[in-house]
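[1] This is the structure alone, sequence omitted:
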């Protein structure tokens, strides 16, 4: 017996069904206002289905003792007492009445499957059709069947609600991994078609739960239905699906935190990403342009008292003062009423001028595209999955990149590399090149650090940052990120290349000259760092020429293919790369010691530095850059 069959079930020996149970309930004192036909039919259905399932699962123990008229009636009286007399409401009833969020964690049971996508059958049916007859329509129908989400019914044991499954869950249903009678632990679901409090018997085909694979998990057969009292285990980061919807909760290790960046949406639809230093300069330039426009308009504004109502006493006094040879004497001879009229007129004129100037400034800024700036700060965090030490299977860490839009000050201050966090509210966007890309809003995302005692149960995942030496640069994998400190030998000019502005910077860290394997040759002792930018007319985003001759620490550079012809290493500075002059590097920084060593070497190696500079200039001349 399924739920649909239970709805019309009658006991054969007594011919007792839902209608008879309603009369019995009313005879026991129940109110017809609450014990309606719809209410009794609904609860009769779920009670009969539950008792019939127990009979089927435990045939020896049950032996027809569960599904009886007496038991069904006792359950009906119990539910009436709980719901009507004691105000108890199940999970689905609370959601439908708007008193509980559908995103809360709950356990529901699959009570019906309304549409079951079967791709193979759909293809077979399409193949059997005449190719010459409505072939375009057939293809469209087939595509619609394949892409259509599966529709199921979920119950909390008291009421039911239709649910729409995403693509991944629809595939699970097709593979029979989701089935009738199975319990699901659902977290982060949404409600479709709900506009306000609605009764359970008015929702057919209009209100639906929307389920996503990242928030839907198998539940134990004996888990109680309804809202969960305790938060369940987090979804393993390696199990997150890129198209599986919001991730209610997961556990990640923070491998690298990048500096704050700023994304500005321009009026023409384009967008620009700037570092913190670049954003400060862009904001300063914006304020300068706004101030210039405002000053020009104010200087053009007529400062006299004209354009007024001549019948007003204040205006007449103003004109008399303008024509008077000695306005101070005239002011001294005015009555108090005349002074009040004149002051009131002046204030009114000042306010009118200010309003007029403000309106002109607003219009001018709008014409110049400077009315406002649409800037959003964000932080990128590279994370990795966490593996338990007791895990029997060998698992490869799965990496991800989380973009936190509008991060809170607490997040910017508290997030630490090497720490494990419980993270809520992530939204995956794409999966490519072995990494999962996710987004989050600072205000709607929480990062709760895992206790040290619990973190000890997981395999180490974090390699602390260290300053890379050019003498060991060959050991760094291609396209990987690294940090380095060295002496800047030359900062090239900005030039145009393939519609992009580009700049090169050359440095050395002296490791080839101070290591145990001392070499007088200059091979592999130079690093060329390139930076490119699409921003037209803003050279402030590039390396400053003032860096030449300084010892500088660089973070988040990316290794590129070596220049074999000139025998120098090559790296790329991205929007996430930062640099700091030696004296500004924090004493706790991993770059501090390397910067001090490079600075000491540079102070006593002027001849060698001059040779390296000449080599750089020779390379630049040969390449034409």
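    Arrived safely, thanks for sending. Owing to the predicted nature of the structure, the values given are computational and were not obtained by experimental measurement.
[2] State the next helix or strand along the chain beyond the helix ranked longest in the chain.
    Looking across the chain with DSSP state H, the single longest helix is helix 336-367. Of the helices and strands lying after helix 336-367 in sequence (DSSP states H and E), the nearest is strand 374-384.
[3] Show me how far that next one is from its chain's centre.
    Strand 374-384 has its C-alpha centroid displaced from the chain centroid by 9 Å (Cα atoms, centre = their mean, to the nearest Å).
[4] now do stretch 211-223
    24 Å.
[5] Show residues contacting that stretch.
    Here stretch 211-223 makes contact (Cβ atoms under 8 Å, 6 or more residues apart in numbering) with 107, 163-166, 168-169, 172, 182-189, 232, 235, 240-241, 244-248, 428. C-beta coordinates here come from the backbone N, C-alpha and C atoms, glycine included.
[6] of those residues, buried ones?
    107, 163-166, 168-169, 172, 183-189, 235, 240-241, 244-248, 428 (16 or more other Cβ atoms under 10 Å).
[7] Restricted to strands, list those.
    Judged by DSSP state E, the buried ones among the contacts of stretch 211-223 include 107, 163-165, 183-186, 235, 428 as members of strands.
[8] quick one: which of those is nearest to residue 331?
    Of all these, residue 331 sits closest to residue 428, with 74.3 Å by Cβ to Cβ.
[9] In this structure that closest one contacts residue 438, no?
    Yes: taking Cβ atoms under 8 Å as the definition, residue 428 is a contact partner of residue 438 at 4.9 Å.
[10] So for these two, which residues contact both of them?
    240, 247.
[11] check which helix or strand covers residue 531.
    strand 527-533.
[12] Tell me the helix or strand right after that strand.
    strand 551-563.
[13] For the helix or strand just after that following strand, buried residues please.
    The helix or strand immediately downstream of strand 551-563 is strand 568-581, counting by DSSP H and E. Buried residues in strand 568-581, counted by 16+ other Cβ under 10 Å: 568-571, 573, 575-580.
[14] closest to residue 156 among those residues?
    Using Cβ to Cβ, these come closest to residue 156 at residue 576, 47.0 Å.
[15] got the contact list for the closest one?
    258-259, 261, 380, 556.
[16] what's the farthest-apart pair in these?
    261 and 556 (11.4 Å).
[17] gap between residue 406 and residue 445?
    10 Å (Cβ to Cβ, to the nearest Å).
[18] same question but for residue 472, I mixed them up
    Counting by Cβ to Cβ, the gap from residue 472 to residue 445 is 38 Å.
[19] try residue 509
    Taking Cβ to Cβ, one finds residue 509 at 39 Å from residue 445.
[20] Please apply the same query to residue 340.
    60 Å.
[21] Would you mind telling me which of those two has more residues around it?
    Neighbour count, other Cβ atoms under 10 Å: between residue 340 and residue 445, residue 445 has more, with 20 against 13.
[22] pretty sure residue 154 contacts residue 106?
    No: using Cβ under 8 Å, residue 154 is not in contact with residue 106; the gap is 9.3 Å.
[23] which residues do these two both contact?
    What both residue 154 and residue 106 touch, as defined by Cβ under 8 Å, 6+ apart, is the set residue 186.
[24] Just the pLDDT for the closest residue to residue 378 other than its chain neighbours.
    In space, and not counting its chain neighbours, residue 378 is closest to residue 405: 4.9 Å by Cβ to Cβ, 6 or more residues apart in numbering. Predicted confidence (pLDDT) for residue 405: 96.
[25] one step back: would you mind giving the buried residues of strand 568-581 as TSV with distance to residue 386 and pLDDT added?
    Formatted as TSV, the buried residues of strand 568-581 follow (distance: Cβ to Cβ, whole Å; pLDDT from 0 to 100):
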residue	distance to residue 386	pLDDT
568	39	93
569	34	95
570	34	96
571	30	96
573	31	93
575	28	87
576	24	90
577	28	92
578	28	92
579	32	92
580	31	92
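[26] which one of those residues is nearest residue 420?
    Distances from residue 420 to the buried residues of strand 568-581, taken by Cβ to Cβ, are shortest for residue 576, at 22.5 Å.
[27] Relative to residue 569, how far out is the closest one?
    Distance from residue 576 to residue 569, by Cβ to Cβ: 20 Å.
[28] Over to residue 197?
    Distance from residue 197 to residue 569, by Cβ to Cβ: 67 Å.
[29] Equivalent analysis for residue 105, please.
    Distance from residue 105 to residue 569, by Cβ to Cβ: 51 Å.
[30] What are the neighbouring residues in contact with the nearest residue to residue 276 once chain neighbours are set aside?
    Distances taken as Cβ to Cβ, 6+ apart put residue 260 closest to residue 276, at 5.6 Å, once the chain neighbours are dropped. Residue 260 makes contact with 276, 377-379, 407, 412, according to Cβ under 8 Å, 6+ apart.
[31] Determine which two of these are furthest apart.
    276 and 407 (12.7 Å).
[32] pretty sure residue 18 contacts residue 41?
    Yes: look at residue 18 against residue 41 with Cβ under 8 Å: they come within range, at 4.7 Å.
[33] how deep is residue 458 tucked in, by neighbour count?
    18.
[34] which residues does it contact?
    Residue 458 touches 253, 386-389, 420, counting by Cβ under 8 Å, 6+ apart.
[35] filter those to the buried ones?
    Buried among the contacts of residue 458 (16+ other Cβ under 10 Å): 253, 386-387, 420.
[36] what about the residue nearest to residue 553 when sequence neighbours are not counted, distance to residue 419?
    Excluding the flanking residues, the one nearest residue 553 by Cβ to Cβ, 6+ apart is residue 591, at 3.6 Å. Here the criterion is Cβ to Cβ. By it, residue 591 lies 21 Å from residue 419.
[37] Of those two, which one has the most company?
    residue 591 (25 against 17).
[38] State the pLDDT value of that one.
    94.
[39] For it, grab phi and psi.
    When read as degrees, to the nearest 10, the backbone of residue 591 gives phi -90, psi -10.
[40] which ones are touching it?
    Taking Cβ under 8 Å, 6+ apart as the definition, contacts of residue 591 comprise 467, 483-485, 553, 555, 580, 585.
[41] which of those lies closest to residue 344?
    residue 580 (59.4 Å).
[42] roughly how far apart are the closest residue to residue 206 other than its chain neighbours and residue 207?
    Nearest non-adjacent residue to residue 206, counting by Cβ to Cβ, 6+ apart: residue 193, 4.7 Å away. Residue 193 sits at a distance of 5 Å from residue 207 (criterion: Cβ to Cβ).
[43] ok, those two, which is more surrounded?
    A direct count of neighbours by other Cβ under 10 Å for residue 193 and residue 207 places residue 207 higher, at 18 against 13.
[44] Name all residues that make contact with that one.
    96, 161-162, 191-194, 198.
[45] can you do 6 Å?
    193-194 (Cβ atoms under 6 Å, 6 or more residues apart in numbering).
[46] What does it show for phi and psi?
    Torsion angles, degrees, to the nearest 10, at residue 207: phi -100, psi 130.
[47] Please report how far it lies from residue 98.
    11 Å.
[48] and if you look at residue 217?
    26 Å.
[49] Of those two, which one has the most company?
    The neighbour count for residue 217 versus residue 98, taken as other Cβ under 10 Å, is higher for residue 217 (17 against 13).
[50] Mind telling me what element the more buried one is part of?
    strand 216-218.
[51] Could you point out the helix or strand that follows that strand?
    Trace forward from strand 216-218 with DSSP H and E and the next one is strand 226-227.
[52] Just the buried residues of the contacts of residue 576.
    Buried, going by 16+ other Cβ under 10 Å: 258-259, 261, 380, 556, out of the contacts of residue 576.
[53] Can you report how many residues lie near the residue lying closest to residue 445 once chain neighbours are set aside?
    In space, residue 445 comes closest to residue 425 once its chain neighbours are excluded; the distance is 4.3 Å by Cβ to Cβ, 6+ apart. Applying other Cβ under 10 Å, we find 19 residues neighbouring residue 425.
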